[in-house]
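1. Fold the stuff below for me.
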Amino acid sequence: MLKLSTPENENLDSLRQVEFEPENTGQNSDESEPKSNDTLNEMKESSPKIFQQPESIATNRSKRHSKTCLCNIAHALEKINYPDSDIYRRKYEDKYHFASQFTADIIAMNSADFIITSTYQEIAGSNNNVGQYESHTAFTLPGLYRVVHGIDVLDPKFNIVSPGADMSIYFPYSDKERRLTALHGSIEELLYDPQQSDEHVGMLSDPSKPIIFSMARLDRVKNLTGLVECYGKSSRLRELFRGIRAQMNRARNGKLYRYIADTKGAFVQPAFYEAFGLTVVEAMTCGLPTFATCHGGPAEIIEHDISGFHVDPYHPDEVAARMLDFFERCQKDPSYWDKISNGGLKRIYEKFTWKRYSERLLTLAGVYGFWKHVSKLERRETRRYLVMFYILEYHSLVKSIPKAVEH
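-> Below is the predicted model of the structure:
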């Protein structure tokens, strides 16, 4: 049964207490207390909108065995990226609308029959980090409500299916037949042209030296400034640097990775936390040796010192030392660069391709659809509670978000 109540002796404004508990799997359930006609009508109108039944497999929903199975696939849950975003929600509300985000997340998690994540750390975290879903187990939004049991990370509905890179764009640098040289001129201009522009700043003075490359949005969590600081403090690493201000052409991204590989360079992903790390997969798919944060998904993508390297962004001196050791070993033994490059490619083909992803996802949809069919699990109490939660909380919260305006 799911419950909504008001705690006694609450100091953080007036809060509702939200609790999601296991319920009976039988079809019979206790009748709910009588409700007013207005409330019943509103719940009847809202219910189909929240729990619409899809007719075919599309993105995050799938149907099999004459029973619809609702799947939740979240790209990234922002809660752990901003540790105080719940208790100090008012500080962030105007910009990020976290209250609406977290409420929608809780509703989606508990509505789903099964949940797909990219890595285990997204579910339950690690010894040093809280998992994305784990962070929704219990939290407080002052003035709104308190979640005391939001999601059970040990629930068998959690599954791990890791995505991959688009193999038509991201493929090994050694695949000469598929490589087009038409854009090499523009890439060389991007990297070596001393003329500054809106697209790039700085310059590389010596094309013969390997390039340390990173690609991410300018966000505090991505820690690009930390990489620059790490590089700047190391006199032995401080050979080249160029910042690419904007790079939105996905086809050229693949060519950039391969061009960096031609220089026997490396890719660095220095984020404080990365839910999965698609750029890590893209770089490895192109055969580029990769250094990536040990906090989050990359810790599961990379096998340290076999298919790449883990680095701790909170210890920049160690990051610099690890990169320096790699390049010095490559100078002494050029085959070492090839060893890490091939190790990364082997790891990608074994675990991180869209073919494997689609096969696993369709299998899970069939398994959960069949399970739902034979168990006849309706989860009526959960659905009723979520409709009520939607009406009482989310419906009013989402109205505060301004509508997007096309420019």
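
2. could you point out where the stretch 251-400 of the chain is predicted with low confidence?
-> 251, 376-378 (pLDDT under 70).

3. Helices of that one, start to end?
-> Assigned by DSSP state H, counting those that start in this stretch, the stretch 251-400 of the chain shows helices spanning 278-285, 298-301, 316-332, 335-351, 354-375, 380-389, 395-398.

4. And the ones you listed: which comes nearest Thr137?
-> Among the helices of the stretch 251-400 of the chain, helix 380-389 comes nearest to Thr137, with 16.5 Å by CB to CB. In short, each C-beta sits where N, CA and C put it, glycine included.

5. For that closest one, list the C-alpha coordinates in PDB.
-> This file holds the C-alpha atoms of helix 380-389, laid out as PDB (Å, rounded to 0.1, in the frame of the first residue of the first chain):
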ATOM      1  CA  ARG A 380      -3.900  -0.900  -8.500                       C
ATOM      2  CA  GLU A 381      -2.900   0.700  -5.200                       C
ATOM      3  CA  THR A 382       0.300   2.100  -6.700                       C
ATOM      4  CA  ARG A 383      -1.400   3.500  -9.700                       C
ATOM      5  CA  ARG A 384      -4.200   5.100  -7.600                       C
ATOM      6  CA  TYR A 385      -1.600   6.700  -5.300                       C
ATOM      7  CA  LEU A 386       0.500   8.000  -8.200                       C
ATOM      8  CA  VAL A 387      -2.600   9.600  -9.800                       C
ATOM      9  CA  MET A 388      -3.300  11.300  -6.500                       C
ATOM     10  CA  PHE A 389       0.400  12.400  -6.100                       C
END
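
6. How far does that helix sit from its chain's centre?
-> 28 Å (CA atoms, centre = their mean, to the nearest Å).

7. so where do the helices sit in the stretch 1-150 of the chain?
-> Taking DSSP H, counting those that start in this stretch as the criterion, the stretch 1-150 of the chain carries its helices at 37-50, 89-96, 98-111, 120-124.

8. list the helices and strands the last one packs on?
-> With contacts defined as 3 or more CB pairs under 8 Å, 6 or more residues apart in numbering; DSSP states H and E, the secondary structure elements packing on helix 120-124 are strand 158-160, helix 298-301.

9. Residues in contact with the first one: which ones?
-> Residues external to strand 158-160 that are found in contact with it (CB atoms under 8 Å, 6 or more residues apart in numbering): 114-120, 123, 133, 364.

10. Strands - which of the residues you listed land there?
-> 114-117 (DSSP state E).

11. circling back to that earlier point, and the helices of the stretch 251-400 of the chain as TSV, adding distance to Gln196 and mean neighbour count?
-> As requested, these are exported to TSV (distance: least, CB to CB, whole Å; neighbours: other CB atoms under 10 Å):
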stretch	distance to Gln196	mean neighbour count
helix 278-285	25	26
helix 298-301	32	24
helix 316-332	27	16
helix 335-351	31	18
helix 354-375	38	15
helix 380-389	53	19
helix 395-398	43	14
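
12. Go through the ones you listed and name the closest to Asp94.
-> helix 395-398 (13.3 Å).

13. okay, that closest one in PDB with CA atoms only?
-> As requested, the backbone C-alpha atoms of helix 395-398 are provided in PDB (Å, rounded to 0.1, in the frame of the first residue of the first chain):
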ATOM      1  CA  HIS A 395       0.200  19.200 -11.500                       C
ATOM      2  CA  SER A 396       0.700  22.500  -9.600                       C
ATOM      3  CA  LEU A 397       4.500  22.300  -9.700                       C
ATOM      4  CA  VAL A 398       4.700  22.000 -13.400                       C
END
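
14. quick one: contacts of it?
-> Counting by CB under 8 Å, 6+ apart, 46, 97, 99-100, 103-104, 144 sit against helix 395-398.

15. Swap in 6 Å and give it another go.
-> The contact list for helix 395-398 (CB atoms under 6 Å, 6 or more residues apart in numbering) reads 99-100, 103.

16. got the residue ranges for the strands in the stretch 151-300 of the chain?
-> Ranges of strands in the stretch 151-300 of the chain, per DSSP state E, counting those that start in this stretch, are 158-160, 200-203, 212-213, 241-244, 266-269, 290-293.

17. Adjacent strands (with direction) for the last one?
-> By that I understand strand 290-293. According to DSSP bridges, strand 290-293 forms sheet pairs with strand 266-269 (parallel), strand 309-311 (parallel).

18. so which of the ones you listed is the most packed in?
-> Mean neighbour count, computed with mean count of other CB atoms under 10 Å, is highest for strand 266-269 among the strands paired with strand 290-293, reaching a mean of 26.
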